[in-house]
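Student: generate a structure from the sequence data that follows.
(chains A and B)
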Amino acid sequence: EAQVTQNPRYLITVTGKKLTVTCSQNMNHEYMSWYRQDPGLGLRQIYYSMNVEVTDKGDVPEGYKVSRKEKRNFPLILESPSPNQTSLYFCASSPEVGTYEQYFGPGTRLTVT
Amino acid sequence: GESVGLHLPTLSVQEGDNSIINCAYSNSASDYFIWYKQESGKGPQFIIDIRSNMDKRQGQRVTVLLNKTVKHLSLQIAATQPGDSAVYFCAENEAGGADGLTFGKGTHLIIQP
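Tutor: Purely as a prediction, here's the structure:
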């Protein structure tokens, strides 16, 4: 089944404890992206990647890192999480840059205390 | 990026009626528009898209209308069913833009029996 998977789906952690949210797609898509979703603010892009080893900042990149060592994986790294990073995170992919329909993962709900 | 979305948090309709969800955008360079549906606990799912060289596009029970003069987009759902209950997001992308979609804040569609 063609899909985008994220792990973990739920995570509660403490301020400053490094964490990684994994994202994987099995559709051989070139483009991958991370969003956060907050009440009243909608979906905002954190980082995106147009291909392996190519990543760029989105609208809200502060406090996050990403890597794209393989085409299928695009992990989101929070080196020192803070409470304002409590949010619902979505990974998305699309076949290529300029193909605008994005396929979303199921989401990761992160709480930082 | 420029804002997208007319913030209308909740729309309540009777089952069987038609629903109209509206969205305004401000970026005159927007070239592509897309509607997503997000059910509770899930990631956004593609519904329908439209390019700026069109003013109407129809899918199964859904129609998207684009008015570039007033920068307005609408999603019409015919014969609304309980399964249509969700949050609906409009999103846009600028021609050639590689930085992904800009999302509106969303409208929660509630179906009354």
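Student: phi, psi for the residue in chain B positioned nearest to chain A please.
Tutor: Proximity of chain B to chain A (CB to the nearest CB) peaks at B:Gly43, 3.4 Å away. Bear in mind the C-beta positions are built from the backbone N, C-alpha and C, glycine included. Phi and psi for B:Gly43, reported as degrees, to the nearest 10, are phi -80, psi 160.
Student: which residue sits closest to it, ignoring its sequence neighbours?
Tutor: For B:Gly43, ignoring the flanking residues on the chain, the nearest one in space by CB to CB, 6 or more residues apart in numbering or on different chains is A:Phe104 at 3.4 Å.
Student: repeat for B:Asp49
Tutor: Closest to B:Asp49 by CB to CB, 6+ apart is B:Ile34, at 4.3 Å.
Student: neighbours of the one you found, just the number please.
Tutor: Neighbour count of B:Ile34, defined by other CB atoms under 10 Å in any protein chain shown: 22.
Student: the one 3 residues further on too?
Tutor: By other CB under 10 Å, the residues close to B:Lys37 number 21.
Student: let me see the contact set for residue 89.
Tutor: You didn't say which chain, so I picked chain A. Neighbouring residues of A:Tyr89 by CB atoms under 8 Å, 6 or more residues apart in numbering or on different chains: A:6, A:21, A:34-37, A:46, A:76, A:107-110.
Student: ah, I was thinking of chain B
Tutor: B:Phe89 makes contact with A:42-43, B:5, B:35-38, B:44, B:103-107 under the criterion CB under 8 Å, 6+ apart.
Student: and if we set it to 7 Å?
Tutor: A:42-43, B:36, B:38, B:44, B:103-104, B:106 (CB atoms under 7 Å, 6 or more residues apart in numbering or on different chains).
Student: dump those to CSV, plus pLDDT, neighbour count and secondary structure.
Tutor: CSV is the format used below for those (pLDDT from 0 to 100; neighbours: other CB atoms under 10 Å in any protein chain shown; DSSP: H, G, I helix; E, B strand; the rest coil):
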residue, pLDDT, neighbour count, secondary structure
A:Gly42, 84, 22, strand
A:Leu43, 90, 26, strand
B:Tyr36, 95, 26, strand
B:Gln38, 94, 20, strand
B:Pro44, 93, 29, coil
B:Phe103, 87, 22, strand
B:Gly104, 86, 26, coil
B:Gly106, 89, 26, coil
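Student: for B:Asp55, state which of these is nearest.
Tutor: Taking CB to CB as the measure, B:Asp55 sits nearest to B:Gly104 out of the contacts of B:Phe89, at 19.2 Å.
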